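Student: Sequence and predicted structure below; questions after.
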Amino acid sequence: MQHQGTVTLETERLILRRFTVSDADEMYRNWASSEEVAKFLTWEPHANAEETAGLLKLWVSDYEKPDCYNWVLELKSEGIVIGNISVVRICEETKCAVLGWCLGTQWWGRGYMSEAGNAVLRYLFETVGMNRICANHDIGNPKSGRVMQKIGMQYEGTLRQHGFARGRVFDDVWYGILAEDYRRMQHG
C-alpha cells in the first residue's frame, strides 16, 4: 500500500476534505449533538460545540500520519458540512480498511453517503492500494447496510452479540468488497 493520507475528493454534489477546527460549530449543530445520529454509533452526542472542537483538534493533529483517512462531507451547493466518513481501522497485513460514517438527519435518504462512499472506495483501491474494504452496522440500523450495498459491498455475515456501543451489546452485520470485485464493477 502507498498511504497518501486524507486528500480532497470531489463528487457531483460533495467535497470530501480534511476537517478544520473551524468546522466545530457546524459539526456540532448538524450531527454531533444529535441523539438520533448517535443512536447506533459508539459515541455519545456532544454536549456543546467546545466538546466538538476538542475532538477536531485531535483529528486535525492525526492528519500528520500518512495512514489517516478522515473526511468531512461538505455540500458544494451550500458550503456546509453535513457528515463524515473515515477509515476507523487498517490491517496492514491484509491491506484491509474498515470504514465508518455518519450523516446529519436532515440529509438522510438523499444518496449523499453512498456518493461519498463510492469516492472513498475509488481512492482507497486505486490510489492507496487497499485489497479489502469493509464496514459494519448494528442490526437495528439497516439503512447503514443499504449504503454498503449501494457502494458494491457484499453481505458477509452477522456476528451475534458481537458489537458493543453506548452500554449495550448488539448483533453486528458485516459487508465487504475486495479490489477484484471493485475492478469487476468498474469494467462490467
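Tutor: Perfect, I can see it now.
Student: Residue ranges in this structure under the pLDDT threshold?
Tutor: 188 (pLDDT under 70).
Student: Tell me which stretches of it form strands.
Tutor: Ranges of strands within the chain are 9-10, 14-17, 70-75, 81-91, 96-103, 132-138, 154-165, 168-178, based on DSSP state E.
Student: a markdown table for those strands, including distance to Val120 and mean neighbour count?
Tutor: C-beta coordinates here come from the backbone N, C-alpha and C atoms, glycine included. Supplementary listing: these in a markdown table, determined by distance: least, Cβ to Cβ, whole Å; neighbours: other Cβ atoms under 10 Å:
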| stretch | distance to Val120 | mean neighbour count |
| --- | --- | --- |
| strand 9-10 | 7 | 16 |
| strand 14-17 | 7 | 20 |
| strand 70-75 | 7 | 22 |
| strand 81-91 | 6 | 20 |
| strand 96-103 | 7 | 21 |
| strand 132-138 | 8 | 22 |
| strand 154-165 | 17 | 13 |
| strand 168-178 | 11 | 17 |
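Student: want to throw these into TSV with distance to Ala116?
Tutor: Written out in TSV, the entries for the strands of the chain read as follows (distance: least, Cβ to Cβ, whole Å):
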stretch	distance to Ala116
strand 9-10	8
strand 14-17	6
strand 70-75	5
strand 81-91	5
strand 96-103	7
strand 132-138	12
strand 154-165	19
strand 168-178	15
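Student: Now do the buried residues in the helix ranked longest in the chain.
Tutor: With secondary structure taken from DSSP state H, the chain has its longest helix at helix 49-62. Within helix 49-62, the residues scored as buried using 16 or more other Cβ atoms under 10 Å are Ala49, Glu51, Thr52, Ala53, Leu55, Leu56, Trp59, Val60, Asp62.
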